[in-house]
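Colleague: everything below, folded, please.
(2 chains)
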Amino acid sequence: MSMRKAAPLAALAATALTLSACAQSDRDDSGSGGGDTDGTFTFGAAGAPEVFDPFYASDGETFRVTRQIFEGLVEVEEGSSEIGPGLAEKWEPSKDGKTWTFTLRKGVKFSDGETLDAQAVCDNFERMADQNETAQAGPAEYWAYSMEGFGKDSLYRSCEASDDQTVVLKIARATSKFPAMLSLSAFGIQSPKALEEGKANDVKKQGEGFAYPKNSENPVGTGPYTFDSYDEANKTVTLKRNDDYWGDKAKNAEIVFDIIPNESTRRQELEADSINGYDLPNPVDWKGLEDAGNQVEVRDPFNVLYVAFNPEKNPALKDLKVRQALDMAVNREQLVKSQLPEGATAASQFYPDTVEGYNKDLAVTKYDPEGAKKLLKEAGQENLKLTFAYPSEVTRPYMPNPQKIHEAIRKDFEKAGVKVEVVTKPWNGGYLDGVDNGQFDAWLLGWTGDYNSADNFIGTFFGNLKSNDFHTSATDFGSDLSKELKDADQTVDEAERTKKYEDLNKKIHDEYVPGLPISHSPPAIVVNEDVEGLVASPLTAERFSSVTVGGK
Amino acid sequence: MLRFIIRRLMQLVLVVFVLSLLLFLWLRALPGGIVSAMLGERATPETRARLTHELGLDEPIWVQYWTFLKRAVTGDFGVSNGVQPGKPAMDLLLERFPATIELSAVALVIAIGLALPLGYLAAKRRGGLLDNLSIVGSLVGVAVPVFFLAFLLRYVFAQELHWLPVSGRQEVDATRVTGFFILDGLLTREWDASWDAFKHLILPGIALASIPFSMIFRITRASVLEVLDEDYVRTAQAKGLTQRVVRGRHVMRNALLPVLTAIGLQMGGLLAGAVLTESVFNIAGIGDALRQAFTLRDYPVLQVLILAAAVTYVIVNLVVDVLYAVVDPRVRTR
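Modeller: The predicted structure is shown next:
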């Protein structure tokens, strides 16, 4: 299940290649049914795509569309969070983990007729690395964040085409993020001709927003679908089947994304048969949707809900005993049962069990309000007061109902004798700002992984000592934790790295307690009874080319 | 007359200027902002600071306003950064306008078409069943929030009965000419497209019509009642004129004046109602964009939409005033 098995090691990668090649040819032989229907799959999207050049996007609604058009060097395997071959059939790291050699698939063409070769891939990486100041500040956010910046700060060093099929990528240091990070939709490989003609990097600031170049309206990739149109007046995005696709042709001739921001409207549209499916149905609707004959596909959870602390704002939180007391005060099992959808689990660590380094021996902290009281007394904090915040006007996959979850945890805190001052703000109306400005003592937040890597979870949370949401710089363990994370991330040997993450998770649980991991919630996707062939992805990275509608 | 209009237009410029200033300050005083809306959970203080700087949001507010003003004079209101990132706010306004106008027009037609005859009949048969029913109906129209009515209509007629579409503007493929879908269908002779667009507007149209209907109905009824009591009506009846002549020439013509004023005033209220109606029925109009822009703190779009709404409102009022001035010359000298 974990990335350990999707080994970046050469031998395993080669095996994976052989296996996948077999699987590929099997499918090719039997896949004659694909690609010959004229059906349309209509999907209810919760928001409009930001921009069709995925490199400048950062939201799931954009990636849902561009994922059907573009492919990366590596791809997340269908139905799991593991990494498998994409445009590269195999890859191999050097001993020091800083040089990665990718062998490209043969016979792949972009939908504008250009050939995919190593130079095309390198043109893409050079283009991504070479962003102007304006793009670096905002739109190229995924690169800035995953590659840790631009220029000499960046993880990215160079890309070289040693022959038509061989790409050599160099990075500044070994990292566990590689090559999983390359599966990010933002890093999908685009036609160099389209990039050049569309002056792809010409992002400009205009007033308080960014103006995008032409390329962002004309996405050209190698995927099973091509971009057809975006009808803004009618809120629809239409994709057409790429008949020259190198792999299994898409079953449906067309995908239409119907942009319907209101959730209850999406549900009614599904029930009125005007759409075939939509993402993230509200857990309270799951049963009703199923009773009405729809298929609710519950994904494996790939997220974490946590309570974060700010010891800088409330120095009482610098005391380990206080943090441990709060940890013991929360009745996670009860919370999961009463407030979270079926399939949710209580969390012992800051990431789900499918991610490398998850420590199976760690138990969920036992609910013990009396013990919590005792610890608080020992710490001299019997009258502890906390401002504890939650966001209004929003639901997140890890947090279907912030208010109710907050209420349950608040009551748990109060049972342990803590006085809680409730703070609530709209998500974009002060909540995220409040978190960033350190306005609350404690707050609810969470994270859905971008790709399968421990670093994408705990590295993001605690890695950066100077600035992180948990304000670990104000604690006595912060710099140790930051160093330990860096060390684990840079460990090339996989078994050793896994062990380091396992140990680190134990330490975070027993000795650091920088915040409280609460739960992992499964998000769902729903399609009506006519739909077949949808493979739900824990990363919500579904590819719709295998979907058929109404038996077509 | 010309001087009157010029004076009013200069007032309009002043109104827009003051409004833009207030709007600008108000938006930036709101908690939260573009930066967190754009970056979401993954914002670190460094990336936030960088983006804040890049967007010029760390400049003094007066500098920001001056920059905005200089650009706005040339018609450049900046580009959207939330509703439709990268799109000039002005283009977004122009693109969204037809949907709202179309919806408002349908709502006004429904409201006027029902309110005038009902108001007249209710007054004529004061205290009768129709009168009582209409009064209750108009009270409900005012009292029930538009969005609730919208949800109810959608549930009954779209979801349960499947008579009408749930949401959106059009399902069939159609050629776009003006952006007014019904009109486009007529222009290109794609009758199906027109009919489909019209069907999509029935439920939201009814929902949005509920408030103007109630107002117009009540004023019509009151006004007709008043006129019916006038001596000249009694005189006309005494003279033995036919009912039709009395009704048309004497009652309705005189009763309509206050009603027309009411209709003018209701136009402003339609936009407020459109915010909710368009959101419920997922219509890509001004109201829907306004709600989204507010949630996402899309300042450029909010600014252009609210200013446009204000200008429209002021112009409608100007037209009403001019008409009044034409009818009643005393207004000009006041």
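
Colleague: is the helix or strand where residue B:289 lies up against chain A anywhere?
Modeller: When secondary structure is defined using DSSP states H and E, the element that contains residue B:289 is helix B:286-295. Yes - shown here: helix B:286-295 in contact with chain A (CB under 8 Å from any CB of the partner chain) through B:292, B:295. (C-beta placed from N, C-alpha, C; glycine too.)

Colleague: what's the following helix or strand after that helix?
Modeller: Going down the chain from helix B:286-295, the next helix or strand is helix B:299-327, by DSSP H and E.

Colleague: same question for that next one, mean pLDDT?
Modeller: Rounded to a whole number, the mean pLDDT of helix B:299-327 is 81.

Colleague: buried set for it?
Modeller: By neighbour count, and taking 16 or more other CB atoms under 10 Å in any protein chain shown as the criterion, the buried residues in helix B:299-327 are B:299-310, B:312-314, B:317, B:320-322, B:324-325.

Colleague: then stretch A:39-50?
Modeller: Counting neighbours by 16+ other CB under 10 Å, one finds that the buried residues in stretch A:39-50 are A:39, A:41-50.

Colleague: got it, and stretch B:120-134?
Modeller: So stretch B:120-134, judged by 16+ other CB under 10 Å, has buried residues B:120-124, B:131, B:134.

Colleague: which ones, among those, also lie beside chain A?
Modeller: Restricting those to contacts with chain A (CB under 8 Å from any CB) yields no residues.

Colleague: got TSV for those, with secondary structure and pLDDT too?
Modeller: Formatted as TSV, the entries for those read as follows, by DSSP: H, G, I helix; E, B strand; the rest coil; pLDDT from 0 to 100:
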residue	secondary structure	pLDDT
B:120	helix	88
B:121	helix	88
B:122	helix	90
B:123	helix	88
B:124	helix	85
B:131	helix	87
B:134	helix	86
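
Colleague: ok, these vs residue B:47, which is closest?
Modeller: Each of the buried residues of stretch B:120-134 was checked against residue B:47 using CB to CB; the closest is residue B:134, at 59.3 Å.

Colleague: ok now do that closest one, which residues does it touch?
Modeller: Residues in contact with residue B:134 (CB atoms under 8 Å, 6 or more residues apart in numbering or on different chains) are B:118-119, B:121-122, B:217, B:221.

Colleague: same question for residue B:89.
Modeller: A:207, B:77-80, B:300-301, B:303-305.

Colleague: and for residue A:365?
Modeller: Counting by CB under 8 Å, 6+ apart, residue A:365 makes contact with A:327-328, A:330, A:332, A:348, A:509, A:516.

Colleague: swap the cut-off to 6 Å and go again
Modeller: Listed by CB atoms under 6 Å, 6 or more residues apart in numbering or on different chains, the contact set of residue A:365 reads residue A:327.

Colleague: for the stretch 51-200 of chain A, what lies in contact range of chain B?
Modeller: Counting by CB under 6 Å from any CB of the partner chain, the residues of the stretch 51-200 of chain A close to chain B are A:51, A:137-138.

Colleague: quick one: residue A:335 from residue B:158, how far?
Modeller: Distance of residue A:335 to residue B:158, computed by CB to CB, to the nearest Å: 37 Å.

Colleague: let me know how buried the closest residue to chain B within the stretch 301-450 of chain A is, in neighbour terms.
Modeller: Shortest the stretch 301-450 of chain A-to-chain B distance, computed as CB to the nearest CB: residue-wise this is residue A:430, at 3.2 Å. Summarising burial for residue A:430: neighbours were counted as other CB atoms under 10 Å in any protein chain shown, giving 22.

Colleague: surely it is in a helix?
Modeller: Yes - according to DSSP: H, G, I helix; E, B strand; the rest coil, residue A:430 belongs to a helix.

Colleague: thought it was touching residue B:31?
Modeller: Yes - contact status for residue A:430 versus residue B:31: in contact at 3.2 Å, counting by CB atoms under 6 Å.

Colleague: out of the contacts of residue B:134, what pair is the most spread apart?
Modeller: B:121 and B:217 (10.4 Å).

Colleague: so what's residue B:185 closest to, chain neighbours aside?
Modeller: Leaving aside its sequence neighbours, residue B:185 sits nearest to residue B:194 (CB to CB, 6 or more residues apart in numbering or on different chains; 2.7 Å).

Colleague: confidence score at that neighbour?
Modeller: For residue B:194, the predicted pLDDT is 91.

Colleague: tell me who's in contact with it.
Modeller: Residue B:194 sits next to B:182, B:185-186 when contact means CB under 6 Å, 6+ apart.

Colleague: residue A:305: which element?
Modeller: For residue A:305, the element it lies in under DSSP H and E is strand A:303-309.

Colleague: what about the strands in the stretch 351-500 of chain A?
Modeller: A:385-392, A:419-426, A:442-448 (DSSP state E, counting those that start in this stretch).

Colleague: list the strands paired with the last one, with their directions.
Modeller: What that stands for is strand A:442-448. According to DSSP bridges, strand A:442-448 has the following sheet partners: strand A:303-309 (antiparallel), strand A:385-392 (parallel).

Colleague: go through those strands and pick out the most buried.
Modeller: Stretch with highest mean neighbour count among these: strand A:303-309 (a mean of 25; mean count of other CB atoms under 10 Å in any protein chain shown).
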